[in-house]
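A.B. asks: only geometry, no sequence info:
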């Protein structure tokens, strides 16, 4: 009953209210549930299975590039957090503080990690002494806490799941190479596996990670034209090493400060998937991370032989992909809607008439295209269709981004582009001055997203002050 | 240099000081490092890789038995924790409390989860309405915090990693069946994969989990004769459901309270591995969870062809197991000691003379047995040797337990057995009275470990008061 009822309430349309559509999808696709812990959520089995797939693929990519997993404590003593000045300034305002252990007040309060640079530094100091101990290529899969005022499922919550890579190198060159390598890993992951096109670039000075010398990022454009930072990779120079007094004896036996990086991706990737690929029927999942890749739905399952044949079909598909069958007594129409809502990339229908003809019907989620397929070829066709879905949704997302990327040569042109076309990326030149960055945001509402690696020379003047331009920036409203 | 030096300092001998031997192994095998966060540790790559293998195998077993992973918040509002009376009494004294978010004092303080029954209950209330929504078979892999006074790596730390299963069922029978099923999964995991023999049983009333009707457990005996609880599985009846007002409409459309279970295993399993299988040369790892199963060590690697042949051998082994090669310029003797310390189950040596004879030398860690093996058969022999190690260390652990299990019919006999033989399991009859349980502990130092499923009738009188005995208990000193 409860389930039947659920599908009757359609979700809000994207065009009507994108924010409402988003939370409707999170709930109706059973990704999350709210809790009485303000700003924190339950990630339900279907949502967590997406995260497990993300983890498995990314973890494999990290290990292939030589990284090892570790686990640091979740608490950071206040004095440890304070060792690097910029870092503590950036994070202290949003720390959750533990002040009591049982009934005893702690001598020093502990912050629940918002990020773990300081803990890694303390550990590096203990285990790195010689150039033979370098590089250290570490990662951990944990949750972190940042005391946000306003929260939204996956996009901004007080606790979120992530991976944080932390590496230490003998030279600046090696550390910078690592920072770039991991940005490329993130890019490949987003584009190939999540089918989300991204812009690679560098954050401006004002937008850097607290304590970093450089922050690289990948920026994606959501269906509604808002930007989303999908991953960041930071180069710290030897700033943390100096603050924490980490030194190693180099090949010439001289004490030297090592160079450091960190890089992270979070459960907000699930938010990016929803807002990049979803539609008015719900989720559309990239096949690589879809918990169910092919859903077998019997038609007229009470008729003789249908259940058996459907089960046989599902067993065959299970050998090549993540396949499942729904034999419940809900109607086929209800099931279609349910698995469209859940974004299952491929649906396989099979009924008495199909069985007679030794065929079944394959429907791809993103475009609802129907294909009649001989049962003899079903495994290879389903695998092809999964590829088609990945390519199709990537192409669609890329077109959305291209249609929503505007060039502007003045703040007026920015305002005009936004007014005429709605939100999107603005490409515009910049003099490099923080004042102009702030002013553009104040006047037009869009902030700098990144200095893209792929530069274009659109103009020789800054979009704001008209003085000589240094670089092209991507601007946008951000999640 | 630093590495060379490390191996010079031998570890303390087990017989001399078992506790010191244990922490030496934790440090020298590079499993953990201490931190400035009191009672918390860093799990280093080699230690974490063991945990990843434990996770992978257990997670597979959970999924095969129909469980799904989820993720609950790490915080529990104080009012939520207080809903079940026994539960809060058991856990509140060791909660870490968050009282500030940024610079603002929280209206209600939040406890960092010591366990998540209360959060699961809140969620169950939201998502369970009909008998069609049952059973819910959930698990999560997270870390939890308990504010312990004295801590030891893996065995007792303020934060530890674990999995917690939480399930909800329509009937008491189903829930009890689940509690038993998961205890059997734990038993199989310990015995088959960790090679640790365990006793299955039930905790006495005084030793139950806070809020449970019954707690089942598996108990292992460490090399030094102390007991270690390796896993627990709890049946809650409908106590939590009543406290949280979780009801569902059953098949007759009547509102009913569901029945609940929870079960958990933690990183203390790594402590159990160390103390069950380790020896004076360091760790001995069960092959199923060893990060490196076979270590290839070239002998006289400067001689022509040795490096190439060793690498070729390692590549072949990588296809059948987790193999690695050490081509560093440390001496073979140093490498032997290093990988013995790290408990690598199988070592494969290959030098110029071996190459001439188309052979290599295979050495098993637990008994240091050497076998000359033709290179033609190396894959199958290494796989056989890994089986041999598993069986060998299981047998050794079982013998240790049998040699250290004593029967006693009075507290005098308990004291005598311990004095003559050292620590171990005591099997003795019990009247079922908590007073006798306490008194035995007071007089002899051993506490009740469990009421084993496999009962024996040793006597008809209680070991303590002499009144009629109800059951046989296992007694012991515990980690």
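C.D. replies: Received, thanks. In this text the structure is predicted, and so the values were computed from the model without any measurement.
A.B. asks: what about the most centrally placed residue in chain A, which SS state?
C.D. replies: Centroid-nearest residue in chain A: residue A:269, 2.0 Å away (criterion: C-alpha atoms, centre = their mean). Here residue A:269 is recorded as helix under DSSP: H, G, I helix; E, B strand; the rest coil.
A.B. asks: which residues sit in contact with it?
C.D. replies: A:54, A:190, A:194, A:230 (C-beta atoms under 8 Å, 6 or more residues apart in numbering or on different chains). Where C-beta positions appear, they are placed from N, C-alpha and C, glycine not excepted.
A.B. asks: State the helix or strand in which the nearest residue to residue A:207 once chain neighbours are set aside lies.
C.D. replies: Closest residue to residue A:207 in three dimensions, ignoring its sequence neighbours and counting by C-beta to C-beta, 6 or more residues apart in numbering or on different chains: residue A:448, at 6.4 Å. Residue A:448 belongs to strand A:447-452 when assigned by DSSP states H and E.
A.B. asks: May I have the beta-bridge partners of residue A:168?
C.D. replies: Per DSSP bridges, the residues bridged to residue A:168 are residue A:136, residue A:260.
A.B. asks: Model confidence at it, what's the number?
C.D. replies: Looking at residue A:168, its pLDDT stands at 98.
A.B. asks: My guess is it contacts residue A:258. True?
C.D. replies: Yes. Counting by C-beta atoms under 8 Å, residue A:168 touches residue A:258, with 4.9 Å between them.
A.B. asks: For those two, indicate the residue with more neighbours.
C.D. replies: residue A:168 (29 against 26; other C-beta atoms under 10 Å in any protein chain shown).
A.B. asks: roughly how far apart are that one and residue A:310?
C.D. replies: Here residue A:168 is placed at a distance of 55 Å from residue A:310 (C-beta to C-beta, to the nearest Å).
A.B. asks: One more: residue A:381?
C.D. replies: Note on residue A:381: its distance to residue A:310, by C-beta to C-beta, is 17 Å.
A.B. asks: returning to what we had before: counting only helices, which of the contacts of residue A:269 make the cut?
C.D. replies: Per DSSP state H, helices hold the following members of the contacts of residue A:269: residue A:54.
A.B. asks: Among the contacts of residue A:269, find me the one that's closest to chain B.
C.D. replies: Nearest to chain B, judged by C-beta to the nearest C-beta, of the contacts of residue A:269 is residue A:54 at 12.9 Å.
A.B. asks: OK, contacts around that closest one?
C.D. replies: So residue A:54 contacts A:269, A:270, A:289 (C-beta under 8 Å, 6+ apart).
A.B. asks: follow-up on the earlier one: who has more neighbours out of residue A:381 and residue A:310?
C.D. replies: Neighbours per residue (other C-beta under 10 Å) separate residue A:381 from residue A:310, with residue A:310 holding more: 25 against 19.
A.B. asks: Could you give the backbone dihedrals for the more buried one?
C.D. replies: phi -70, psi -40 (degrees, to the nearest 10).
A.B. asks: can you pull the contacts of it?
C.D. replies: Residue A:310 neighbours (C-beta under 8 Å, 6+ apart): A:296, A:297, A:298, A:301, A:325, A:327, A:350.
A.B. asks: And whichever helix or strand residue A:333 is part of, what does it pack against?
C.D. replies: For residue A:333, the host element (DSSP H and E) is helix A:332-341. With contacts defined as 3 or more C-beta pairs under 8 Å, 6 or more residues apart in numbering or on different chains; DSSP states H and E, helix A:332-341 has these neighbours: helix A:2-8, strand A:294-298, strand A:346-350.
A.B. asks: chain center to it: distance?
C.D. replies: On the basis of C-alpha atoms, centre = their mean, to the nearest Å, helix A:332-341 is displaced by 27 Å from the centre of the chain it belongs to.
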